[in-house]
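Asker: Any chance you could fold what I've pasted below:
(chains A and B)
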Amino acid sequence: MIYYVGSFLLIALGLYAVIIKKNLIKILIGLDLIASGVNLLIISIGYVKGGTAPIFSRAGLKASMMVDPIPQALTLTAIVIDASEMALAVAFVVLLYKHYGTLDIKKIRSLKW
Amino acid sequence: MVRKVVYSIFLAIIVLALAMFFAAYPFGKNKMTVGEYYLNHGVAQTGAANIVTSVVLDYRGFDTLGEVSVLFAAAAGVAILFFLAGGTKREQEDLTKPNFVVRVGSRIIFPFILLFGSYIFIHGHLTPGGGFQGGSIIASGFLLLYLSYPGTRTNRDGLSIIEGLAGLTFVVLGLIGLFLPQYSFLYNFLPKGTLNTIVSAGILPIIYIAIGFKVASEFAGIVDDMMCQVICRGGGK
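Answerer: The predicted model follows:
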């Protein structure tokens, strides 16, 4: 249960950073927070009470003792996509900084709102 | 100020909606039918001890190929962006030289980071971890090298060759399955071996090693591009 609450808090914090903050780097940190919150949420949906990792590493482990493997596989995908997306976003931010000399989205023309 | 209050209320509504939605999914209970099926039949069908690996590489191997392509697209995007912007590059001042402890320490640690990363992706079908994680660890070793020796340049052609060969291994292994009597892409045609040994699970460890090399070279390329924005002088490549 605490995992649900924690992931909601992470998503809310990330959304807050994306909406309120003016610094592009902080907005990216907010995006990453949202992604972490969503990953935590997906993982905790697949949790089974008292379950272990879905790895048959020793004899005597039964499938009924394990947590759901699908959310973990999905999260594995999501983390990688997230990392590559952040790399691309950081590249854009670097170029914006070189072009405008600032990271403040209020000062960057045509990105104001 | 008003804006902050308005958006905070807005966020509270979003979180409340999420909480109401997830109240219908009790924590720590019902497993999905698909997950149940993979847990019960995964070992017999794929031979990998790690069910997450068998889901990622065997049952959904095609999705993983797509994921690798997304990663490639992102790395290529970073390179293209910086290449296009190369004309307006300004002279940058030298970075401060990292101190002695960082330089010597990173030199000692770097081989162990490589070793650990390759351990992670070679044992991807037995222990938690796999190609993506091991590749990222190796790339982080390269990042450490860049930070402690600002003059470092990796051999980009070598990285491209490794990346291409690794991708090719994945695709060719998948295509071989098409020519077997089973006619399915990424069919696991090698013998399964005994559970919990390194040589088991057929083609899964080979694919994960290929993915490890590919991810490592792609992330190292991204790190190289990013560091070049700070260090490189003159007009681009």
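Asker: Please enumerate the strands of chain A.
Answerer: Read by DSSP state E, chain A holds no strands at all.
Asker: any weak-confidence spans in it?
Answerer: The model of chain A has pLDDT under 70 over residues A:109-113.
Asker: From chain B, how far out is the residue sitting nearest the centre point of it?
Answerer: The geometric centre of chain A, computed from its C-alpha atoms, lies nearest to A:Ala35 (CA atoms, centre = their mean), at 1.7 Å. From A:Ala35 over to chain B the distance is 14 Å, taken as CB to the nearest CB, to the nearest Å. Glycine gets a C-beta too; all of them are placed from N, C-alpha and C.
Asker: Cross-check the contact I'm expecting between that residue and A:Asp82.
Answerer: Yes. With contact defined as CB atoms under 8 Å, A:Ala35 reaches A:Asp82; the gap is 4.5 Å.
Asker: show me what contacts the spatially closest residue to A:Ile45 that is not a sequence neighbour?
Answerer: Leaving out its chain neighbours, the residue that sits closest to A:Ile45 by CB to CB, 6 or more residues apart in numbering or on different chains is A:Pro71, at 5.8 Å. Counting by CB atoms under 8 Å, 6 or more residues apart in numbering or on different chains, A:Pro71 touches A:42-43, A:45-46, B:35.
Asker: Would you reformat those residues as JSON lines and include distance to B:Asn196 and neighbour count?
Answerer: Formatted as JSON lines, those follow (distance: CB to CB, whole Å; neighbours: other CB atoms under 10 Å in any protein chain shown):
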{"residue": "A:Ile42", "distance to B:Asn196": "28", "neighbour count": "16"}
{"residue": "A:Ile43", "distance to B:Asn196": "25", "neighbour count": "17"}
{"residue": "A:Ile45", "distance to B:Asn196": "29", "neighbour count": "20"}
{"residue": "A:Gly46", "distance to B:Asn196": "23", "neighbour count": "21"}
{"residue": "B:Gly35", "distance to B:Asn196": "21", "neighbour count": "25"}
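Asker: Would you mind writing the CA trace of the worst-scoring helix or strand of chain B on mean pLDDT as CSV?
Answerer: The weakest-scoring helix or strand in chain B, judged by mean pLDDT, DSSP states H and E, is helix B:33-46 (a mean of 79). Below are the C-alpha coordinates for helix B:33-46, written out as CSV (Å, rounded to 0.1, in the frame of the first residue of the first chain):
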residue,chain,number,x,y,z
THR,B,33,-3.3,-14.9,-15.9
VAL,B,34,-0.5,-14.3,-18.3
GLY,B,35,2.0,-13.9,-15.5
GLU,B,36,0.7,-17.1,-14.0
TYR,B,37,1.1,-18.9,-17.2
TYR,B,38,4.7,-17.7,-17.8
LEU,B,39,5.6,-18.7,-14.2
ASN,B,40,4.2,-22.2,-14.6
HIS,B,41,5.5,-22.9,-18.1
GLY,B,42,8.5,-20.6,-18.5
VAL,B,43,11.2,-22.9,-17.3
ALA,B,44,10.0,-25.8,-19.4
GLN,B,45,9.5,-23.7,-22.5
THR,B,46,12.6,-21.5,-22.5
